[in-house]
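1. got a sequence here, can you build the structure:
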Amino acid sequence: MLIGAHVDQTDPIAEAAARKAPLVQFFLGDPQGYKGPEFAYAGGAEALKADAEAAGIALYVHAPYIVNVATTNNRIRIPSRKLLQQHVDAAASIGAKGLIVHGGHVNKSDDPEKGFDNWRKAIEATDLKLPLLIENTAGGDNAMTRYLDRIGRVWDAIASCEQADMVGFCLDTCHAHAGGNALETVVDDVRAITGRIDLVHCNDSRDEFDSGADRHANFGAGRIDPDLLAGVVRAADAPVVCETPGGAAEHQADFAWLRERL
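-> As a prediction, this is how the structure comes out:
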């Protein structure tokens, strides 16, 4: 079982070594801004790719939170598509295994079908040079990937795209729990829709089931039953990224906690 963590992008190789982790995830630039990808690693993208390969470290990139290709708001959707392509290109340039992106949402007054169709248009408009992993989200009645039926409609919409096989799924345990999806069955439920789970974001939740709150907690400090967390990881059988609070010491403690239950 490959288990790593979300880390600062300045030196992901050192961050991985500090955690004895075979993989790491990070942002390339501001997660809340439209400025575009930035490489903080000494030597840039080429050096990061070479050093990661030499160290045997798998890299995953998380797209900015503000990317929302589903919305009907042109001032958000059009820059989001541009930003998504920029991050696809940047992530591919460092040899990343995947680019994780949130499902986004439509406005309260919008027909959700418009959001599903906008996902189709986004996939058709983007040159996917690596797997794009759509992540389930925790809150919002208008979200595209909080509820299983909405995830199904996103997948229906993109199924006809030429690059459909380049679109995968990232299952976040905190988001699933807070979003009201039963962790006892969520792996089978998602696989029935998408046919795949490419990555697990394993996080405990500070809040109750179906709260809609995206607030991560260290393992054992939140509201998710420990056996359910381990069960999701075991059933998904995919690489794991812990997006839990803290630094290397806290992450190593979370890895140990999880491995003990696996």
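2. so residue 59 lies in a strand, does it not?
-> Yes - read with DSSP: H, G, I helix; E, B strand; the rest coil, residue 59 is one of the residues of a strand.
3. that one and residue 13 touch, don't they?
-> No - Residue 59 is beyond contact range of residue 13, at 9.3 Å (criterion: C-beta atoms under 8 Å). The way it works is simple: take the backbone N, C-alpha and C, and place the C-beta from them, glycine included.
4. by contact count, what packs against the longest helix seen in the chain?
-> If you go by DSSP state H, the chain has its longest helix at helix 74-93. Contact here means 3 or more C-beta pairs under 8 Å, 6 or more residues apart in numbering; DSSP states H and E; on that basis helix 74-93 packs against helix 44-55, strand 58-62, strand 98-102, helix 112-125.
5. circling back: comparing residue 59 and residue 13, which shows the higher neighbour count?
-> Comparing residue 59 with residue 13 by other C-beta atoms under 10 Å, the one with more neighbours is residue 59, at 23 against 18.
6. secondary structure class for the nearest residue to residue 163 once chain neighbours are set aside?
-> Distances taken as C-beta to C-beta, 6 or more residues apart in numbering put residue 128 closest to residue 163, at 4.8 Å, once the chain neighbours are dropped. Using three-state DSSP, the secondary structure recorded for residue 128 is coil.
7. residue 128: how many residues sit nearby?
-> Neighbour tally, residue 128, other C-beta under 10 Å: 19.
8. residues in contact with it?
-> Taking C-beta atoms under 8 Å, 6 or more residues apart in numbering as the criterion, residue 128 is in contact with 88, 163, 166-167.
9. ok, it to residue 166 distance?
-> 4 Å (C-beta to C-beta, to the nearest Å).
10. what is the burial count for residue 113?
-> Residue 113, neighbours per other C-beta under 10 Å, totals 11.
11. OK, contacts around it?
-> residue 153.
12. 10 Å instead?
-> 106, 153, 157 (C-beta atoms under 10 Å, 6 or more residues apart in numbering).
13. again with residue 215
-> 138, 174, 178, 203-207, 222-223, 245.
14. show me the beta-bridge partners of the most centrally placed residue in the chain.
-> Central residue of the chain (C-alpha atoms, centre = their mean): residue 100, 4.0 Å from the mean position. Beta-bridge pairing for residue 100 (DSSP bridges): residue 62, residue 133.
15. quickly note the distance from it to residue 116.
-> In terms of C-beta to C-beta, residue 100 sits 20 Å off from residue 116.
16. residue 53 now?
-> 38 Å.
17. could you do residue 47 as well?
-> For residue 47 relative to residue 116 (C-beta to C-beta), the value is 40 Å.
18. between those two, who's got more neighbours?
-> Between residue 47 and residue 116, counting by other C-beta under 10 Å, residue 116 is the more crowded of the two (20 against 14).
19. so for the more buried one, what's the pLDDT?
-> We have a pLDDT of 98 for residue 116.
20. ok, now which ones touch it?
-> 70, 106, 144, 150, 152-158.
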